[in-house]
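**Student:** generate a structure from the sequence data that follows.
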Amino acid sequence: MISRKGPCTAYALRREFTESPSQYWSASSGAVYPLVRRLERRRLIRVKRKTRDGREGSLYVLTAAGHEALTDWLNGLDATATISVPPDPLRNRVAFFALLEHSRQQVVVARAIEGLRSHLERVLAHTERLETLGRTFEYLVSDGARRMLESRLEWLLEVARATGGRGR
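**Tutor:** Down below sits the predicted model:
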C-alpha cells in the first residue's frame, strides 16, 4: 500500500483496509499501528517526514530493503502456495454436513447463500467504484474476488439442491 500510494500515514493505510470488502484486512488500530512499527523496526519502511497538518502523524515510505522485499513477494506469483487451492472454511464445513440433520443442513445452507449474496453485492459495488475511478489493478483484484464469490454461490446452490433445499 505504501509503495502504491506513495508517502502515507498509518491512518491512511487504515482507511484503505476499511474500504476493502475483505474481512481478512483488519482496519483496527490494534492491527495497523503495530504492523507499521514492525515494518519500521525491520527497516522495510521509514518516516519520510512528519505530517504538516498539526497532527502527530508520520508519512511513511518504503526503504530499499522494503522495495526489495515487495519485489520478491510479487515475483512469487507462481509459487505453489499462491496458485493452489486455498484454505476454505466453507468447503471444510460442508465436508462434515453428514453430521447434521437433513433439515438443519437446509437451514445452514440457506443462511450461507443469503449471506454470500449480500457480500457479493458489496463486492460488486466496490468493483464498479474502482472501475469508475480507473484504478486498473485494484479493479482487477476486486473483479477476481467478485468472480470467486459468484462461483462459490453457484456451488452453494448445488449444495442446497443436494440437501433438498431450494437452490435458486
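**Student:** which outside residues touch stretch 117-129?
**Tutor:** Outside stretch 117-129, the residues that touch it by Cβ atoms under 8 Å, 6 or more residues apart in numbering are 19-21, 139, 142-143, 145-146, 149-150, 153. C-beta here means a position set from N, CA and C on the backbone, and glycine is covered the same way.
**Student:** could you do stretch 34-52 as well?
**Tutor:** In contact with stretch 34-52 (Cβ under 8 Å, 6+ apart) are residues 2, 7, 9-10, 13, 56-63, 65-66, 69.
**Student:** list the buried residues of that stretch.
**Tutor:** 36, 39-40, 44-45 (16 or more other Cβ atoms under 10 Å).
**Student:** quick check: mean pLDDT of it?
**Tutor:** Stretch 34-52 shows a mean pLDDT of 86.
**Student:** restrict it to CA atoms and write it as PDB.
**Tutor:** This file holds the C-alpha atoms of stretch 34-52, laid out as PDB (Å, rounded to 0.1, in the frame of the first residue of the first chain):
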ATOM      1  CA  PRO A  34       1.700  -2.400  15.500                       C
ATOM      2  CA  LEU A  35       2.200  -3.600  11.900                       C
ATOM      3  CA  VAL A  36       3.700  -0.200  10.900                       C
ATOM      4  CA  ARG A  37       6.000  -0.300  13.900                       C
ATOM      5  CA  ARG A  38       7.200  -3.900  13.000                       C
ATOM      6  CA  LEU A  39       7.800  -2.800   9.400                       C
ATOM      7  CA  GLU A  40       9.800   0.200  10.600                       C
ATOM      8  CA  ARG A  41      11.800  -2.000  13.100                       C
ATOM      9  CA  ARG A  42      12.600  -4.400  10.200                       C
ATOM     10  CA  ARG A  43      13.700  -1.300   8.200                       C
ATOM     11  CA  LEU A  44      11.200  -2.100   5.400                       C
ATOM     12  CA  ILE A  45       9.600   1.400   5.800                       C
ATOM     13  CA  ARG A  46      10.900   4.700   7.300                       C
ATOM     14  CA  VAL A  47       9.400   8.000   8.200                       C
ATOM     15  CA  LYS A  48      10.000  10.500   5.300                       C
ATOM     16  CA  ARG A  49       8.700  13.400   7.300                       C
ATOM     17  CA  LYS A  50       6.100  14.400   9.900                       C
ATOM     18  CA  THR A  51       2.700  15.500   8.700                       C
ATOM     19  CA  ARG A  52       2.200  19.200   8.400                       C
END
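**Student:** good, we can wrap up now.
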